[in-house]
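Student: take a look and give me a structure for this.
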Amino acid sequence: MQNDKENSKSIQNKLSTVKYNCDDSTHLIVSQEKCAKCKDKTCTYICPAGVYSVDENTGEIVVQYENCLECGACRIACPKHAIDWNYPHAGCGVIFKNN
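Tutor: Predicted coordinates:
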């Protein structure tokens, strides 16, 4: 149990060093049609930044692209290839700070 707590704190510390320059439009396009056929919704738990969630009312995937760490885990893990992942426009996106 202590390791989980330490890992969580470590992850939070690391995420606190991340800065975002948010783009006006998303760089993550999700095919809701393909997502509807996905039972596991892998993107909702594989993303370290919690970018993806399921809308309880509609069942659609909600994308909070502003939080994206640009790691590409969602694109690799999606079994339906439902995520069209591109880098944000130049000068936008995540900035990793050295501390």
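Student: and residue 93, its phi and psi?
Tutor: phi 110, psi -160 (degrees, to the nearest 10).
Student: beta partners for it?
Tutor: When bridges are called by DSSP bridges, residue 93 pairs up with residue 21.
Student: could I get the contacting residues of it?
Tutor: Neighbouring residues of residue 93 by Cβ atoms under 8 Å, 6 or more residues apart in numbering: 20, 21, 23, 27, 68, 70, 87. For the C-beta atoms, the positions are set from N, CA and C on the backbone; glycine is no exception.
Student: need the strands for this structure, in chain order.
Tutor: Counting by DSSP state E, the chain has strands at residues 18-21, 28-30, 52-54, 61-63, 83-85, 93-96.
Student: can you list these in a markdown table and add distance to residue 37 and mean pLDDT?
Tutor: As requested, the strands of the chain are exported to a markdown table (distance: least, Cβ to Cβ, whole Å; pLDDT from 0 to 100):
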| stretch | distance to residue 37 | mean pLDDT |
| --- | --- | --- |
| strand 18-21 | 32 | 86 |
| strand 28-30 | 13 | 97 |
| strand 52-54 | 14 | 98 |
| strand 61-63 | 12 | 98 |
| strand 83-85 | 14 | 95 |
| strand 93-96 | 29 | 87 |
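Student: quick one, which of those gets closest to residue 76.
Tutor: Nearest of the strands of the chain to residue 76, taken as Cβ to Cβ: strand 83-85 at 9.3 Å.
Student: check the offset of that closest one from the chain's centre.
Tutor: 11 Å (Cα atoms, centre = their mean, to the nearest Å).
Student: what about the nearest residue to residue 84 once chain neighbours are set aside, neighbour count?
Tutor: The shortest distance from residue 84 to any non-neighbouring residue, by Cβ to Cβ, 6 or more residues apart in numbering, is to residue 29 (4.0 Å). Residue 29 has 13 neighbouring residues, counting by other Cβ atoms under 10 Å.
Student: please apply the same query to residue 27.
Tutor: Residues contacting residue 27 under the criterion other Cβ under 10 Å number 17.
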